[in-house]
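> give me a 3D structure for the following:
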Amino acid sequence: MTTSAPEGEQRVLLVASTGGHLAQLMVLRPWWSRYPRTWVTFDKADARSALAGEDVVHAYHPTTRNAANAARNLALARKVLADRRPALVVSTGAGVAAPFFLVAAWRRIPTLYLEVFDRVDSATMTGRMCRPLSTAFCVQWPEQLRRYPGAEYVGALL
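Numbering: from 1, shown residues only. Reported below is the predicted structural model:
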């Protein structure tokens, strides 16, 4: 796999934890399949299966309350964003998204955060962290708009 997009092509960086977060990004295949892309996720069986043949960078986990892995993922984000030069960073969370959105904001790379489908009654920690760093912030339930005023309602993916 190439590490940077050919001249004139816009690379997308797709960042997600494994499991449901990754599954929600996979539903967007009709959109992301049109672009050169790189994935950032954990080295787990579901990701290896779903992303076979894709350009994948493995992030450090666990991310919850793990300062060492947060620092490692911040360094990884700096390297990946410098090497891959994406035109857009997209994530459904969870914790792995925050360092990538932070570095993208520093580098003035547009970001799109899609709040997860299964959190209707409360905001996720990652959503709260990434919201101020997001160029676009989307929700899948109208009820989520109360938690994230100004977000864009896009409907359920799953």
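> now do the SS call for the residue nearest to residue 134 when sequence neighbours are not counted.
Among residues not flanking residue 134 along the chain, residue 113 sits closest, at 4.5 Å (CB to CB, 6 or more residues apart in numbering). (Each C-beta comes from the backbone N, C-alpha and C, glycine too.) Secondary structure assignment for residue 113 (DSSP: H, G, I helix; E, B strand; the rest coil): strand.
> what residues are up against residue 104?
Residue 104 is in contact with 77, 81, 89, 110, 111, 133, counting by CB atoms under 8 Å, 6 or more residues apart in numbering.
> among those, which are in helices?
Counting by DSSP state H, the members of those that fall within helices are 77, 81.
> out of the contacts of residue 104, which is nearest to residue 150?
residue 133 (14.3 Å; CB to CB).
> any idea how far residue 101 is from that closest one?
In this view, residue 133 and residue 101 are 4 Å apart by CB to CB, to the nearest Å.
> what is the helix or strand hosting residue 71 packed up against?
Residue 71 belongs to helix 67-84 when assigned by DSSP states H and E. Packed against helix 67-84, as judged by 3 or more CB pairs under 8 Å, 6 or more residues apart in numbering; DSSP states H and E, are the following elements: strand 12-16, strand 37-41, helix 97-106.
> mean pLDDT and distance to residue 148 added to the ones you listed, as TSV?
Formatted as TSV, the helices and strands packed on helix 67-84 follow (pLDDT from 0 to 100; distance: least, CB to CB, whole Å):
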stretch	mean pLDDT	distance to residue 148
strand 12-16	98	19
strand 37-41	98	23
helix 97-106	97	15
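> now the most centrally placed residue in the chain, what's its secondary structure?
Centroid-nearest residue in the chain: residue 91, 2.1 Å away (criterion: CA atoms, centre = their mean). Here residue 91 is recorded as strand under three-state DSSP.
> pull the contacting residues for it.
Residues in contact with residue 91 (CB under 8 Å, 6+ apart) are 14-16, 21, 25, 97, 100-101, 111-114, 130.
> ok, now with 7 Å
Residue 91 makes contact with 15, 16, 97, 100, 101, 113, according to CB atoms under 7 Å, 6 or more residues apart in numbering.
> in PyMOL, how would I select just the buried ones from the residues you listed?
Only the buried entries of the contacts of residue 91 go into this PyMOL selection, using 16 or more other CB atoms under 10 Å:
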select buried, resi 15+16+97+100+101+113
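> thank you kindly, that will do.
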